[in-house]
Structures are given as C-alpha cells and as structure tokens.
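**Student:** Got a sequence here, can you build the structure:
(one chain, ligands or ions: 1)
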Amino acid sequence: MNHLITLDDLHDFDQLLKAMQTIQKNPLAHEQLGRHKTLGILFFNPSLRTRISTQKAAQNLGMQCMVMNFNNEGWGLEFEDDVIMNGTTSEHIKEAAGVLSQYFDVLAVRAFASLSDKAKDQAETVLRGFARHSTIPIINLESATAHPLQALADGLTITEFKKTARPKVVLSWAPHPKALPQAVANSFVRLMQRMDTDFVIAQPEGYELDSQLTKNMKVVYSQQEAFDGADFIYTKNWSSFSHYGQVLRTDDAWKITSEKMKMTNNAYFMHCLPVRRNVVVDQAVLESPQSLVLNQARNRIYTAQAVLKSILDEA
Ligand code: CP
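**Tutor:** Numbering: from 1, shown residues only. Model (predicted):
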C-alpha cells in the first residue's frame, strides 16, 4: 500500500481483514516492527477515537508518534499550483508535504469536507495534495469524501458479530441538527461492496449519496421496509449531496428507536460515534446489549494497526 485515501487503495481487502483479526487477538505480536520509525498525525478537525486509536496502534507496533493540530498551530496552506501567494495562505503544500516527509516515515491526515465547495471536496484537495507532494505514505483519517479506517473497523466488527454467512446490513440515515459530511456513509458503502452481505441503504428523499458510488446498490425510502429481517443497523447522518451540504429536514421521523429495532432480526446497532443521544438514536438503543458502538471504537486500534503494519512490511 502506498497511500490509503479510500478503500479502493487496498490491494487485498480479504487479506487486510484477516490481518486485523490476527492483530485483534494479539495486538503486541509485532511491537518491534516500527522501532525507530515515526508516524506524523495532522488534524485539521476535532477527533477523539481517530486521534487516540491511531496513536495506540502506532505504540503497539513500537512506532513513535507526533501529533499536530494543524488548523490552530500550522501555517495557512496553499493548494493551488502556480499561484501568487499574496493572500491569506502562508505555506504551499509542496513545501509543507516535502518538509514533513523529512521528519516522518508515515503521515496520517484528517481534513473534513468544507460542505460549501463540492468540486474541491470531491477532488480531495487536502488529502490528495499531501499524497501528491509527500515522499512517504499518507493515511486518510477522514477526508472530504472518505473515512476508510472507520469502515475497516466496521467491517471487522460485523465479521466478529455476524451470525449468518450473509447477514442483512442496513445503512440508515438519521436526523441531525448540523450539516455533516458524507464521508462515513461513502466508506461504509465501499466496505459493503467488498463484503458478502444483503445490503440496503435507507434514507429520506433528497439524501441520495453520490450515484457513482451507489449505482447497483439497493436504496429504499422507508426504514420499515429496510429494517425487516435486518441483522445490523448502521446509523449515520449525512447532509444532502445533491443540494450540497444542506440539511433538508431535522424532524425525528427517522430517529432510531427501540420500536424500530423490534422490526429487525434482533439486529445489532452500530454508529461510528460521536452520536447525539435522543436526536440520532434513543439512548435505550445506544445502551442496549445490541449496541456495538464501543466494539467499533475498540476495533479502530486494530484497523489502524493492520494498515500501519502493511505499510511497514512493504517499506
Ligand atoms: N468515529 C470517529 O472518527 O471518531 P472521531 O471523530 O472522534 O475521531
């Protein structure tokens, strides 16, 4: 693996899934592999799970880790080529990525969608800027359109808890007062394209994801229809893709409730976190024995570790 920007960058998904399962059983089996190697982590946005689980993963491999909150502490970056930098930006991505490549062996970056400039978000200006101008591997810690490490952790969790060879998995939109990116949902769809499941996306009208991504996927506009016989309910809010970045509705008709979970095949509840209680999901569901949210968060360590190990093995 050179860079991990989306799941499409994985050479062999099944092999990585097996590696994650092996690491999950014995996280310290390769604690010398990353000795004298350094992981740099840049955050342009807040984080709890990604920040800590990625550092823990690096530690488990014996890597050093250096974290920088770039928005507060770094220079304003310029991503345009051939630009006269007489505006607000102070450092070009060419120098910034080049310099960081002198300090680190691997660089991980979080840079969310603007949700205001669709073209720039779709082009993954920040992540692809780092990938283009670095001489070291880049790992996506959630970019404008993708959150591959979250999806891999979700795949590991589904594999761990599934009771049938081909479970029914529902990705259900749920309400949220703020405009959120499509990144988690996009990567979950990409994950489902690689796993053997009966997969359904349930969403209100106007919340269709990128049709390039969801072509050939089953989409329904009714939770009742989708939840029938489901083994996993994966819940996430995302803002409109067609009316880019807009919140089209905030009523609670699509909130996940105990009554809706009763329509399923005693399904597990999944969410990447953070989650707004009693807005996205009732706390009774979130705190129920069927909730896998902490398992997903724990598996973020093993997912990041498998990706780092794969990079170190290839170095
Ligand atoms: N799920 C996830 O990426 O959590 P954080 O935003 O807290 O890192």
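
**Student:** Now Leu248: closest residue in space that isn't a chain neighbour?
**Tutor:** Of all residues beyond its chain neighbours, the one nearest Leu248 is Gly206 (4.6 Å), with distances taken as C-beta to C-beta, 6 or more residues apart in numbering. Using the backbone N, CA and C atoms, a C-beta is placed for each residue, glycine as well.

**Student:** right, and that neighbour touches His243 too?
**Tutor:** Yes - applying C-beta atoms under 8 Å as the test, Gly206 and His243 come out as touching, 6.6 Å apart.

**Student:** For the ligand, what is the nearest residue in the stretch 151-300 of the chain?
**Tutor:** When scored by C-beta to the nearest ligand atom, the stretch 151-300 of the chain has Cys272 as its residue closest to the ligand, at 3.9 Å.

**Student:** sec struct for that residue, please.
**Tutor:** In three-state terms, and counting by DSSP: H, G, I helix; E, B strand; the rest coil, Cys272 is coil.

**Student:** Adjust the sequence numbering to begin at 330 for everything that follows.
**Tutor:** With 330 as the first residue, the last one maps to Cys601.

**Student:** Now do the contacts for it.
**Tutor:** Arg378, His476, Gln479, Asp483, Val513, Lys565, Gln625 (C-beta atoms under 8 Å, 6 or more residues apart in numbering).

**Student:** Which members of those additionally contact the ligand?
**Tutor:** With C-beta under 6 Å from any ligand atom as the criterion, the members of the contacts of Cys601 in contact with the ligand are Arg378, Gln479.

**Student:** gap between the two ends of stretch 573-585?
**Tutor:** The straight-line separation of the ends of stretch 573-585 (C-alpha to C-alpha, to the nearest Å) is 24 Å.

**Student:** hmm, I was thinking of stretch 570-585
**Tutor:** 22 Å.

**Student:** likewise stretch 544-555?
**Tutor:** With C-alpha to C-alpha applied, stretch 544-555 spans 18 Å between its terminal residues.

**Student:** Now do it, average pLDDT.
**Tutor:** pLDDT averaged over stretch 544-555 equals 97, rounded to a whole number.

**Student:** thinking again about what came up before, need the buried ones from the contacts of Cys601 selected in PyMOL.
**Tutor:** The following PyMOL selection, which keeps only the buried ones among the contacts of Cys601, applies the criterion 16 or more other C-beta atoms under 10 Å:
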select buried, resi 378+476+479+483+513+565+625
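
**Student:** Pull the most distant pair out of the contacts of Cys601.
**Tutor:** Pairwise distances among those were taken by C-beta to C-beta; the largest, 14.3 Å, belongs to Arg378 and Lys565.

**Student:** Could you tell me which residues touch both of Gly535 and His572?
**Tutor:** Contacts common to Gly535 and His572, judged by C-beta under 8 Å, 6+ apart, are absent.

**Student:** In terms of helices and strands, where is Asp411?
**Tutor:** Secondary structure from DSSP states H and E places Asp411 outside every helix and strand.

**Student:** so how far is the ligand from it?
**Tutor:** Spatial separation of Asp411 from the ligand under the definition C-beta to the nearest ligand atom, to the nearest Å is 35 Å.

**Student:** Please work out how many residues are found near that residue.
**Tutor:** Here the count is done by other C-beta atoms under 10 Å, and Asp411 has 4 residues near it.

**Student:** same question, Ser445
**Tutor:** Per other C-beta under 10 Å, the neighbour tally for Ser445 reads 10.

**Student:** Let me see the confidence value for Asn401.
**Tutor:** Turning to Asn401, the model gives it a pLDDT of 85.

**Student:** again, but for the one 4 residues further on
**Tutor:** In the prediction, the pLDDT value recorded for Gly405 is 97.

**Student:** beta partners for Val499?
**Tutor:** In this structure, Val499 has the following beta-bridge partners (DSSP bridges): Val529, Ile562.

**Student:** Which residue, other than its chain neighbours, is closest to Lys492?
**Tutor:** Looking at Lys492 with C-beta to C-beta, 6+ apart, the closest residue is Asp560, at 6.8 Å.

**Student:** So what's the residue count around the one you found?
**Tutor:** Asp560 has 21 neighbours, counted by other C-beta under 10 Å.

**Student:** residue contacts, it?
**Tutor:** If a contact means C-beta under 8 Å, 6+ apart, then Asp560 has Lys491, Lys492, Thr493, Pro496, Lys497, Val498, Thr593, Asn594, Ala596, Tyr597 as its contacts.

**Student:** Nothing else from me, thank you.
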